[in-house]
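> give me a model of this one.
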Amino acid sequence: MFTQLIYKLKTVLHKSTDRGHANHGWLDAWHSFSFAGYYDPEKTHFGVLRVLNDDTVAAGMGFGMHPHDNMEIITIPLSGTLAHTDSMGNSGTISFGEIQVMSAGSGITHSEFNHSKVEPVKLLQIWLFPKEKNVQPRYDQLSYDLDKINNNWVQVVSPDANDAGSWIHQDAWFHVGNFSKESYSIYELKKEGNGLYIFVISGSVEVGEYTLGKRDALGVWETGKATFNFLSDSLVLIMEVPMR
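Now for the predicted structure:
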């Protein structure tokens, strides 16, 4: 059985209160994995998932132009509007219901600012190690149907340019779901050897013997599926990633 397999052998629980935290005034950041001045040797990555930052950026503030290379960078706004500019000539804004993907590859510079002069912007920024280094940098952004995520997993990232969502240089799939209280779901992993990192954006959900609340996370691996019992209305991000 799924519960017997993963919950006794291959799980890692990351409670929201155990994350790294840095409040710079203009930026209030929570780190699921070691990042910048926060280091925990037990939390350096989950498979190829290297960074999961839960950021709140004050009105009119943001990150000036800065470089990246050899990382797949995924940004998911939760509220407000984020403005993006990069060295490839891309510029625009993204809000909740949209996702941004940047393959840094051989090198790119970009900036990210809160588009509003009044309200904060809240976002998740996620970094994955790519399966190939020094690829040509690329940028993509897309919208997903907010109605379709109701009691359903909607794919927003995949490794295939012809599949749903934005594609990246890694054998990873991301799904977003907005489930009502007392609903139930099963997610079946797409590739053998992958693990699943479950991040509860809001609400409460049972995954096997674990109860996860807002901003809690659970990593599971060496399993083919995960089962979800939603204890309240819940918005959840699941990230299926290679474990090596």
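> what comes into contact with stretch 109-123?
54-68, 75-87, 93, 102 (C-beta atoms under 8 Å, 6 or more residues apart in numbering). C-beta: built from backbone N, CA, C; applies to glycine.
> just stretch 48-58 next, same as before
Contacts of stretch 48-58 (C-beta under 8 Å, 6+ apart): 19, 25-33, 35, 44, 71, 82, 112-114, 120-129, 131, 170, 172, 197, 199, 215, 217, 239, 241-243.
> now, of those, which are buried?
Among the contacts of stretch 48-58, those buried by neighbour count (16 or more other C-beta atoms under 10 Å) are 19, 27-33, 35, 71, 82, 112-114, 120-129, 170, 172, 197, 199, 215, 217, 239, 241-242.
> one step back: which of the contacts of stretch 109-123 fall in strands?
When the contacts of stretch 109-123 are checked against strands (DSSP state E), the matches are 54-57, 62-68, 75-79, 81-86, 93, 102.
> so what's the residue count around the residue nearest to Ala104 when sequence neighbours are not counted?
Spatial nearest neighbour of Ala104, excluding adjacent residues (C-beta to C-beta, 6 or more residues apart in numbering): His68 at 3.8 Å. Using other C-beta atoms under 10 Å, the number of residues around His68 comes to 18.
> find me the pLDDT at His68, would you?
You'll see His68 listed with a pLDDT of 97.
> that one and His175, how far apart?
The gap separating His68 from His175 is 25 Å, by C-beta to C-beta, to the nearest Å.
> same thing with Asn23?
31 Å.
> these two: who's more crowded?
Comparing Asn23 with His175 by other C-beta under 10 Å, the one with more neighbours is His175, at 22 against 10.
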